[in-house]
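> Let me see the structure of the following:
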Amino acid sequence: MTFPSPAPPYTVRERSSRWLLELPVGVAFGVAWYLFATRVVHGSPFFGLLALAVVGYAVFRVLRPVPSLRAGPDGFRLGEVSVPWRSIREVVLVLPAVQTEPCPAVEVGLRLHHGAPLPDGMDAVVYEPGDSDAMHLRRSFRPGRVDPRALAAAVGAYGRVAVIESRAGTEHRIA
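Here you go, the predicted structure:
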């Protein structure tokens, strides 16, 4: 007997803004290593290849986008924070009041269960006693980066938590 496989994990990858720092530092370190190995200690070509590897790694880190949103079997990742499914009450998609483009900018937020363990990457969560609909984690994405239907399918397959669409203060459940 075979079981149908769940929906694939939903992932949005974006390039880090840290590349402005990482690339020059990596290239400078690789060039400095190469000059030291060839000019000061008159090392073997191995040291030159090692310097090229350092520069190549710096370029690779810049060109390879990192996951900024992922809904999979291990939980929900939003930026640098990983949240297990048992801690999530709702996933909220905040859309603009008026859709002016085919793919509007989307803000993805998480509402956590009160008293849930802190997610990895977080030091504290502030709960508003009078506002049970406050989002505890949120992140904005450029237009076209998030597909609400695919995200809702992955959340439904793995997390089995509610997915809420919010537009102009009005919320309705989409999954």
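> Tell me where the longest helix sits in the protein.
Ranked by residue count under DSSP state H, the longest helix found in the chain is helix 45-63.
> CA atoms of that helix as CSV?
Extracted in CSV, the C-alpha atoms of helix 45-63 (Å, rounded to 0.1, in the frame of the first residue of the first chain):
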residue,chain,number,x,y,z
PRO,A,45,51.1,26.5,-5.9
PHE,A,46,48.8,24.8,-3.4
PHE,A,47,48.6,28.1,-1.5
GLY,A,48,47.6,30.0,-4.7
LEU,A,49,44.8,27.4,-5.3
LEU,A,50,43.7,27.8,-1.7
ALA,A,51,43.4,31.6,-2.2
LEU,A,52,41.3,31.0,-5.4
ALA,A,53,39.1,28.7,-3.4
VAL,A,54,38.5,31.4,-0.8
VAL,A,55,37.6,33.9,-3.5
GLY,A,56,35.3,31.3,-5.2
TYR,A,57,33.5,30.6,-2.0
ALA,A,58,32.9,34.4,-1.4
VAL,A,59,31.4,34.7,-4.9
PHE,A,60,29.4,31.5,-4.4
ARG,A,61,27.8,32.9,-1.2
VAL,A,62,26.8,36.1,-3.0
LEU,A,63,25.3,34.3,-6.0
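> Heading C-terminal from that helix, find the next helix or strand.
Per DSSP states H and E, the first helix or strand lying C-terminal to helix 45-63 is strand 66-72.
> Next, the residue located most distally from the centre of the chain: secondary structure please.
Distance from the C-alpha centroid of the chain, by CA atoms, centre = their mean, peaks at His42 (44.2 Å). Put simply, His42 is coil when judged by DSSP: H, G, I helix; E, B strand; the rest coil.
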